[in-house]
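1. predicted model follows, preceded by the sequence.
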Amino acid sequence: MSPRQFITIAVSLICFSHSGYTQPYAVLSGVILNAREDSITFRYNDNGKGIFVKTRLINNFFNIRIKISGPSNIEISDGIGYISGIIEPRDSIIIHADFSNEKLSPEFAGRGKGKFIYRQSYTSLFPLLNERITAARLDKSPVDFLLSVIDSVENSYLQSLNSFRNDMSKEVYLIFRGDLEGYLWQVRSQIPSFLYNKPLNDLIKRNSDSITIKFQQQQKSFINFKEAYYKSGIYVLTVAGTLDAIYKSNFPDSINNIEYKYKYISQHLPPKLRIPVISNLLTEDIKSRQNRIALESVIKQTFKSSSDSVSKNNFTKILNDIFQLKEGEKAPDFKLENTRGEDVRLSDFNGKVIYMDFWFADCAPCHQLFKQLKSVKEYFKADSNVVFLNISIDNKEVWQKTFSKFKIEGYHVFTEGKEATHQVINDYQVYGYPTNRLIDRKGKFFIIVPSDNPEELIKQINEALKN
């Protein structure tokens, strides 16, 4: 039976069996060929809680009913291959995919299929810009040339999204619109530095001719933040990063004034965007252990209503947990598995300085940090007293494939198939990725949050070597 024949039959069966279905469930079924395991994982969220569910494949077939109260991003994976989309209550989505062939796109049918088809159409714009960079540099206005390329891509995406408009709720449509606008703004804002290999702020300060009127207009247009996109994670992330950068640029002497920073940012946000954006920034500031008293005050001021009590309690817990780690105290022992299948413990590195890096394969900031720290690893390459310990939370196959493919330098271990539930994640208070810790030669915390600036990190490691 061909994939198309299977989907046609499956649609009629599922649509018949669920006619009149009104419960808050989404039903997903179909065939996954060449999965790496005999089960697949469904990762989604409901009421702010991340949920992981595994279901067995029987003759490559799966069928699962997922209870959700509203729209949810979902990822279906065997550990390496994955399918992503958005599900809503009453969806009945049929999937046919071959995880051994990255070039063969999955097929979708059933109620809600458009949300998956549209999501699969996402492609990175950076390869396209690389292809057009030579032509852009020959143009009289290279920035405007590339902006026009992105405008064309945006129109194409919008046409595709609108073709599935009847297959999704208004809420999901706005999520997709927000994702698109947030992502494309990130790309647009990087065009000048992409062309001239200089930070945007440097170009702006020099009043460079490369900062065109069209570019400035688009910059101003984006900062009229759109409240309707408050449920789009990409849009929220982009707004948070934009406001953080604006604040640092306008108030370089007040970067560490946490309370003033959040007051400033809050004033520039429409009501529905405030909590999502501030939550995003709070996560990073707590993770980097900014002023604890100021952070406590921001949490109290942000989450005032009774409906915010869960978020308030969560942030308070994370804050308390992260500040439990103290420089100069003994680092917790651990047992992890290395590339040879051997157990590795903290005591195995006695007398050495350890730079710990918690990461996973699909973490873009993790890979960015790997690139940033290449010069640091090269600097200490001949020093056997410095260990760059890369701790992956992926399963074994994904972990081995990823660090080999990207040639990630350092000593590699993984969390023994326990992913983020391994005890080391709790002991070292890892709440986001990448997370880094610097351990001295006596096995004590030297710096809880080491710098991600290569020159500064080299100094910190050298100080730890003296300790």
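-> Sure thing, it's come through. Numbering: from 1, shown residues only.

2. what sits up against stretch 76-84?
-> The set of residues external to stretch 76-84 that reach it, using CB atoms under 8 Å, 6 or more residues apart in numbering, is 28, 32, 35-37, 39-43, 73-75, 95, 97, 99-100, 102, 106, 116, 119-120, 394-395, 397-398, 401. Where you see a C-beta, it was placed from the backbone N, CA and C, and this is true even at glycine.

3. buried residues in stretch 421-431?
-> Neighbour-count burial for stretch 421-431, with 16 or more other CB atoms under 10 Å as criterion, is recorded at 422, 424, 425, 428, 429, 430.

4. oh, I was asking about stretch 37-52
-> Across stretch 37-52, burial judged by 16+ other CB under 10 Å covers 40, 41, 42, 43, 44.

5. which members of the buried residues of stretch 421-431 are the farthest-apart pair?
-> Using CB to CB, the buried residues of stretch 421-431 reach their maximum pairwise distance at 422 and 429, which is 13.2 Å.

6. returning to what we had before: okay, the buried residues of stretch 421-431 in JSON lines with distance to residue 152 and pLDDT next?
-> Below are the buried residues of stretch 421-431 laid out as JSON lines (distance: CB to CB, whole Å; pLDDT from 0 to 100):
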{"residue": "422", "distance to residue 152": "46", "pLDDT": "94"}
{"residue": "424", "distance to residue 152": "47", "pLDDT": "96"}
{"residue": "425", "distance to residue 152": "44", "pLDDT": "95"}
{"residue": "428", "distance to residue 152": "46", "pLDDT": "95"}
{"residue": "429", "distance to residue 152": "45", "pLDDT": "93"}
{"residue": "430", "distance to residue 152": "41", "pLDDT": "93"}
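
7. hey, where'd the helices end up in the stretch 151-300 of the chain?
-> 170-189, 191-196, 200-205, 213-222, 233-250, 258-267, 271-287, 292-302 (DSSP state H, counting those that start in this stretch).

8. residue 340 is nearest to which of these?
-> Nearest of these to residue 340, taken as CB to CB: helix 271-287 at 31.9 Å.

9. by contact count, what packs against the closest one?
-> Counting contacts by 3 or more CB pairs under 8 Å, 6 or more residues apart in numbering; DSSP states H and E, helix 271-287 is packed against helix 233-250, helix 258-267, helix 292-302, helix 309-322.

10. pull the CA coordinates from it and hand them back as PDB.
-> Provided in PDB are the C-alpha atoms of helix 271-287 (Å, rounded to 0.1, in the frame of the first residue of the first chain):
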ATOM      1  CA  PRO A 271      -0.200  44.500  28.400                       C
ATOM      2  CA  LYS A 272      -0.500  41.000  27.000                       C
ATOM      3  CA  LEU A 273       3.200  40.900  26.000                       C
ATOM      4  CA  ARG A 274       4.500  42.000  29.400                       C
ATOM      5  CA  ILE A 275       4.500  38.700  31.300                       C
ATOM      6  CA  PRO A 276       5.700  36.500  28.400                       C
ATOM      7  CA  VAL A 277       8.600  38.900  27.600                       C
ATOM      8  CA  ILE A 278       9.600  39.600  31.200                       C
ATOM      9  CA  SER A 279       9.400  35.900  31.900                       C
ATOM     10  CA  ASN A 280      11.800  35.200  29.100                       C
ATOM     11  CA  LEU A 281      14.300  37.800  30.300                       C
ATOM     12  CA  LEU A 282      13.900  36.700  34.000                       C
ATOM     13  CA  THR A 283      14.900  33.200  33.000                       C
ATOM     14  CA  GLU A 284      18.200  34.400  31.600                       C
ATOM     15  CA  ASP A 285      18.900  36.900  34.400                       C
ATOM     16  CA  ILE A 286      18.200  34.300  37.100                       C
ATOM     17  CA  LYS A 287      20.300  31.700  35.200                       C
END
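
11. what is the mean pLDDT for it?
-> Regarding helix 271-287, the rounded mean pLDDT is 94.

12. returning to what we had before: where helices are concerned, which of the contacts of stretch 76-84 count?
-> Within the contacts of stretch 76-84, residues falling in helices by DSSP state H are 116, 119, 120, 397, 398, 401.

13. which of these count as buried?
-> Neighbour-count burial (16+ other CB under 10 Å) applied to these gives 116, 119, 120, 398.

14. wait, what's in contact with the second one?
-> In this case it means residue 119. Residues counted as contacts of residue 119 (CB under 8 Å, 6+ apart) are 84, 85, 86.

15. could I have the buried ones of the residues you listed as ChimeraX selection syntax?
-> Here is the ChimeraX selection string for the buried members of the contacts of residue 119, based on 16+ other CB under 10 Å:
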select :85,86
